[in-house]
Each structure stands twice: as C-alpha cells, then as structure tokens.
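# I would like to see how this sequence folds:
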Amino acid sequence: MKLKQLEGLLGTIQQFSNPRIELEQYPTGPHIASRMLYTAENSFGDVSNKVVADFGCGCGTLGLAAGLLGAEYVIGVDIDTQSLEIASVNAEDLEVDLDFIQCDIRTLGWRGPIVDTVIMNPPFGTRKKGADMDFLFVALEMASEVVYSLHKTTTREHVKRAALRDHNASSAEVLCELRYDVPQLYKFHKKKEVDIAVDLWRFVPQRKQ
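Numbering: from 1, shown residues only. Take a look at the predicted model:
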C-alpha cells in the first residue's frame, strides 16, 4: 500500500467525541500515523506478518494502520471504554481485524514479550508526570523485537537516557522529527490548533540487539 493511500484511509476514521484531559487524549492524525507505520514497515519490515500491539490505542489509528499494512495480528490496549468502542467501529468500517483489551497499561499483566512490535502515541506526561515513561517501560518489557513511539522533541535527551539506563533498551534512535497537530479540544486551549514538535523513536529491547 502506498503512503498516500494509507493516509487517505486513516483520514476517514472517527476520533474522540468527548476526550478526557486527564488521559491526555488527543487524536493521532492520519499524516503522522501513516508516516510512523509506513517507516516501520518499509524501512525495517517491522509490521507485515508481525504480531503488533497498539498501547494507549485511543480510537485505533495506529493499530488500524498496522492492519492495513499487513500485520498478522493487531491488538489495541486502552483504559478508556468509549475510545475502544470508537476503535471497534473504525475497524469494522475499514474491514481490519483488531482485538482490544480494556485496562490500565501499567496493570496489563502479560508475562514477558508476547508481541513482536509495540506501536504507541503515549501521553506526553504534561498532566501526569512520568506517564510517557510508564508506557515506554511496559512496551520494552512486552515487545520481543521493537517499539515505535512518539515523544515531544523537548524531552529527547531525557527519553534516550531513561530508555537506555532504566528501561531495558539496547538502542534508542530518533528516526525523524514530525509536527503533531493538536486541535482545540479543551476549554483551556486558546488557539484553534497548535503544532508540537515530536520525535519518532525506534527502541530495541535488550534481548534483541
């Protein structure tokens, strides 16, 4: 599938109707999601024929992209029931097979690495300090091969240091810097839309160097 086709399909899906600020729910737009998964597949072969988990899947954008690019099996994990209901509808609309688990990522309870690839757009940690690192820790525990994740560019040195020193990564590489469009979703947002610089990271767990 070509990048433009992937972005077009992702642009048709439903997003949050009542986003929850305490969960830092922001939609992962089709532009950034398509490039994230297209890079994972076409540069590294980390999607097609792989078991893929989308952590904090929200309305399912990243998981759907993985399914459209030929993942063998995709599972979305999110704490929010309403988001999972929207993700399920989106999967039906795009005719992509996705399974879902409703739970807090920190209490997932999987025993060891049971997926090949973890993809995620975690909370940035602006509402709950350290939320982004909680996601990264669990992802590196659960992925047998690789983790792809988005983090604010301003946290680049912190993310790299934490991944290598504290979270069992053998390598942590920024593949590119992207612009994340944050729409005006909450009352405290003063501008109609804000661009935030984010890094697309590729992490390899210690055991898979």
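
# Dump the longest strand belonging to the chain to PDB, restricted to CA.
With DSSP state E setting the assignment, residue counts place strand 169-183 as the longest strand in the chain. Output of strand 169-183 as PDB, limited to C-alpha atoms (Å, rounded to 0.1, in the frame of the first residue of the first chain):
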ATOM      1  CA  ALA A 169      16.600  -0.700  25.700                       C
ATOM      2  CA  SER A 170      19.700  -1.800  23.900                       C
ATOM      3  CA  SER A 171      19.300   1.000  21.300                       C
ATOM      4  CA  ALA A 172      17.200   4.200  21.200                       C
ATOM      5  CA  GLU A 173      17.100   6.100  17.900                       C
ATOM      6  CA  VAL A 174      15.200   9.100  16.700                       C
ATOM      7  CA  LEU A 175      14.100   8.300  13.100                       C
ATOM      8  CA  CYS A 176      12.700  11.700  12.300                       C
ATOM      9  CA  GLU A 177      11.100  14.800  13.800                       C
ATOM     10  CA  LEU A 178       7.500  15.400  13.000                       C
ATOM     11  CA  ARG A 179       4.900  18.100  13.500                       C
ATOM     12  CA  TYR A 180       2.000  17.000  15.700                       C
ATOM     13  CA  ASP A 181      -1.200  19.000  15.100                       C
ATOM     14  CA  VAL A 182      -3.100  19.400  18.400                       C
ATOM     15  CA  PRO A 183      -6.600  20.700  17.700                       C
END
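
# average pLDDT for that strand?
The pLDDT scores in strand 169-183 average 87.

# Quickly run through the sheet partners of it, with directions.
strand 193-205 (antiparallel) (DSSP bridges).

# Now the partner strand: buried residues?
Of all the residues in strand 193-205, those buried under the rule 16 or more other CB atoms under 10 Å are Val198, Asp199, Leu200, Trp201, Arg202, Phe203, Val204, Pro205. Just so you know, the C-beta spots here come from the backbone N, C-alpha and C atoms, and that holds for glycine as well.

# cool, and stretch 141-161?
Using 16+ other CB under 10 Å, the residues of stretch 141-161 that count as buried are 141-152, 155-156, 159-160.

# where does the spatially most central residue of the chain land on pLDDT?
What sits nearest the mean C-alpha location of the chain, by CA atoms, centre = their mean, is Met120, with 1.7 Å. pLDDT recorded at Met120 is 96.

# what helix or strand does Met133 sit in?
In the assignment (DSSP states H and E), Met133 maps to helix 131-142.

# the inter-axis angle of that helix versus strand 193-205?
Relative orientation of helix 131-142 versus strand 193-205 (axes from the mean of the first three to the mean of the last three CA atoms, to 10 degrees): 30 degrees.

# Listing partners with orientation, what would you give for whatever helix or strand comes next after helix 131-142?
Past helix 131-142, heading to the C-terminal end, the next element that is a helix or strand (DSSP H and E) is strand 143-152. Sheet pairing for strand 143-152, assigned by DSSP bridges, gives strand 115-120 (parallel), strand 193-205 (antiparallel).

# tell me which residues in the shortest one are buried?
Going back to what we said before, that points to strand 115-120. Neighbour-count burial for strand 115-120 flags Val115, Asp116, Thr117, Val118, Ile119, Met120 (criterion: 16+ other CB under 10 Å).

# Having no further points to raise, I will conclude here.
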